[in-house]
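Novice: how would this look folded up:
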Amino acid sequence: MQLYEFQAKDVFREYGIPIPNGRFALTAEEAVKAAHEIGVPVALKAQVLIGGRGLAGAIRFCSNVNDVLTAASNVLNTRVYGEKPRGLLVEQKFEPVRELYAAVTWDYQRKCPVLIGSSRGGVDVETIAKQRPDDISRVYIEESRGFSEYQGRMLAASIGLAGGAVLSYSNVLNILWHIFEKHDAELIESNPLAMLKDGTLMALDAKLTIDDRSIYRQSNLIDRIKKIANEPSEGYAQRHARAKQLGIPTYVEMDGNIGVISDGAGSGMLTLDLIAETGGKTRIYCEMGGEITPELMAKTITVCLGLNDVKVLLISLIGGSNRMDEMASGIVTYLASHRSTTPLLVRMSGTKQEEGRKILVDHGLNCFDNIYLAVEEAVRLSGDE
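Specialist: All right, here's what the predicted structure looks like:
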């Protein structure tokens with residue numbers, strides 16, 4: 001999961017890396033208000049998850065507030081290699097005396113984190129690597145030992161810094177490493193990391209990418225950065241990552257209102273096709289795969305009914321190696337600990353099907369052995385018939 005620049009900078013600010021005074025704006029009018037509050041000159045930067053904004057004309061500078069409305073409108077309507085801006089970052093414009101590069105990422109060949117530094121900030125690091133590879137320095141980190149200050153000073157010296165700048169740069173690297181480690185990052189980068197006239201190092205740009213597999217551990221961070229832009233606290237990427245972490249192999253969201261859970265691809269695809277043919281629309285589809293436990297069944301139901309717009313949940317099971325009595329136990333386990341008003345339908349056939357059906361019926365659930373009747377009922381209850 002990659003954060004937008006304004007979100008990454010908020011994380012930088014929290015941990016003590018200086019950033020320009022800035023505001024996030026969704027409209028040109030909000031950008032004008034932000035410029036009044038900050039004071040000119042300002043930079044208007046499109047918030048996209050792709051590089052090359054400058055070349056695409058999606059970064060503008062204004063020395064007069066009267067110019068902000070037109071410039072902001074232009075930036076908001078500029079697609080950066082096909083991507084529409086999420087909004088604008090309006091921030092103070094600085095004139096650095098020097099532009100550096102600093103990052104922490106993973107070296108997948110060596111299977112360890114690596115610090116990357118360069119004296120040629122403000123340029124795409126891949127371009128530097130191709131044109132002037134000697135201008136990039138790397139320090140590899142042993143995970144068992146972590147970051148040491150001498151490694152930061154060594155990297156600073158290797159890119160030509162001296163005196164107090166060595167300590168300042170090393171301190172930034174130390175903070176980047178701390179964020180990288182604490183927030184399960186795949187990449188954290190400042191490019192450019194600007195040196196100002198007074199020697200201060202300021203992140204004029206920021207990038208932070210979090211490992212999708214760890215998003216469930218980063219819920220507090222995700223919720224906080226989403227609130228900055230008044231976004232929902234959880235998006236598809238987080239929900240998908242959480243499902244994977246819980247052991248659900250297949251998690252797909254669609255635009256309907258029927259939830260579907262299956263224990264295999266064959267039964268799942270058949271159920272989805274029948275829903276469409278009957279006039280219904282699927283909202284979420286989860287396939288649990290082989291060797292399903294009652295615990296996984298309960299977790300999968302929790303994930304599906306975590307979407308508020310699911311009007312009915314259809315569980316379609318054809319047990320081979322999976323026992324239907326165990327599947328039924330998982331369903332009952334969910335019902336025992338959750339109060340849900342969403343209708344739950346089960347189509348069940350296969351190993352131990354009679355035992356499984358009895359468990360469900362004893363707990364007041366509607367159980368089908370005919371997939372067509374189960375789908376018709378699901379579509380009827382969804383209101384799409």
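
Novice: Leu193 contacts Ala103, doesn't it?
Specialist: No: under the contact definition of C-beta atoms under 8 Å, Leu193 does not touch Ala103, with a separation of 9.3 Å. (Each C-beta comes from the backbone N, C-alpha and C, glycine too.)

Novice: so for those two, which residue has more residues nearby?
Specialist: Per other C-beta atoms under 10 Å, whichever of Leu193 and Ala103 has more neighbours is Leu193, with 30 against 21.

Novice: now the more buried one, nearest residue through space, not along the chain?
Specialist: Excluding its sequence neighbours, the residue lying closest to Leu193 (C-beta to C-beta, 6 or more residues apart in numbering) is Leu100, at 4.5 Å.

Novice: pretty sure that neighbour contacts Glu189?
Specialist: No: no contact is recorded between Leu100 and Glu189 when judged using C-beta under 8 Å, the distance being 11.5 Å.

Novice: neighbour count winner among the two?
Specialist: Leu100 (25 against 21).

Novice: quick check, that one in a strand?
Specialist: Yes: secondary structure of Leu100 (DSSP: H, G, I helix; E, B strand; the rest coil): part of a strand.

Novice: domain-wise, how is this protein divided?
Specialist: Using automatic domain parsing, the domain parsing of the chain gives 21-93, 98-210, 246-382.

Novice: quick check: mean pLDDT of the last one?
Specialist: Looking at domain 246-382 alone, the average pLDDT works out to 89.

Novice: next one: it to chain centre, how far?
Specialist: With C-alpha atoms, centre = their mean, to the nearest Å as the basis, the distance from the averaged C-alpha position of domain 246-382 to the chain average is 27 Å.

Novice: do the same with the first one
Specialist: Averaged C-alpha coordinates place domain 21-93 at 23 Å from its chain's average position (C-alpha atoms, centre = their mean).

Novice: how close does Arg323 sit to Ile292?
Specialist: For Arg323, the distance to Ile292 (C-beta to C-beta, to the nearest Å) stands at 9 Å.

Novice: what about these two, which has more around it?
Specialist: Using other C-beta under 10 Å as the criterion, Arg323 and Ile292 rank with Ile292 on top: 21 against 18.

Novice: break down the stretch 251-385 of the chain into its strands, ranges please.
Specialist: In order along the chain, the stretch 251-385 of the chain carries the following strands (DSSP state E, counting those that start in this stretch): 258-262, 282-287, 312-319, 344-350, 366-368.

Novice: so which of those is nearest Thr209?
Specialist: strand 282-287 (25.9 Å; C-beta to C-beta).

Novice: circling back to that earlier point, now mean neighbour count and distance to Leu208 too, for the strands of the stretch 251-385 of the chain, in JSON lines please.
Specialist: Putting the strands of the stretch 251-385 of the chain into JSON lines (neighbours: other C-beta atoms under 10 Å; distance: least, C-beta to C-beta, whole Å) gives the following:
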{"stretch": "strand 258-262", "mean neighbour count": "27", "distance to Leu208": "33"}
{"stretch": "strand 282-287", "mean neighbour count": "22", "distance to Leu208": "28"}
{"stretch": "strand 312-319", "mean neighbour count": "25", "distance to Leu208": "36"}
{"stretch": "strand 344-350", "mean neighbour count": "21", "distance to Leu208": "40"}
{"stretch": "strand 366-368", "mean neighbour count": "18", "distance to Leu208": "47"}
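
Novice: how about JSON lines for those, with distance to Ala336 added?
Specialist: Written out in JSON lines, the entries for the strands of the stretch 251-385 of the chain read as follows (distance: least, C-beta to C-beta, whole Å):
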{"stretch": "strand 258-262", "distance to Ala336": "18"}
{"stretch": "strand 282-287", "distance to Ala336": "20"}
{"stretch": "strand 312-319", "distance to Ala336": "16"}
{"stretch": "strand 344-350", "distance to Ala336": "13"}
{"stretch": "strand 366-368", "distance to Ala336": "17"}
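
Novice: so which of these is nearest Val139?
Specialist: Put simply, out of the strands of the stretch 251-385 of the chain the one that sits nearest Val139 is strand 282-287, at 43.0 Å, with distance taken as C-beta to C-beta.

Novice: and the angle from the closest one to strand 258-262?
Specialist: Using axes from the mean of the first three to the mean of the last three C-alpha atoms, to 10 degrees, one finds that strand 282-287 and strand 258-262 are set 10 degrees apart in direction.

Novice: Ala25 versus the residue sitting furthest away from the middle of the chain, what's the distance?
Specialist: Centroid-distance maximum for the chain: Glu354 at 43.0 Å, with C-alpha atoms, centre = their mean. Remark: distance between Glu354 and Ala25 (C-beta to C-beta) = 62 Å.
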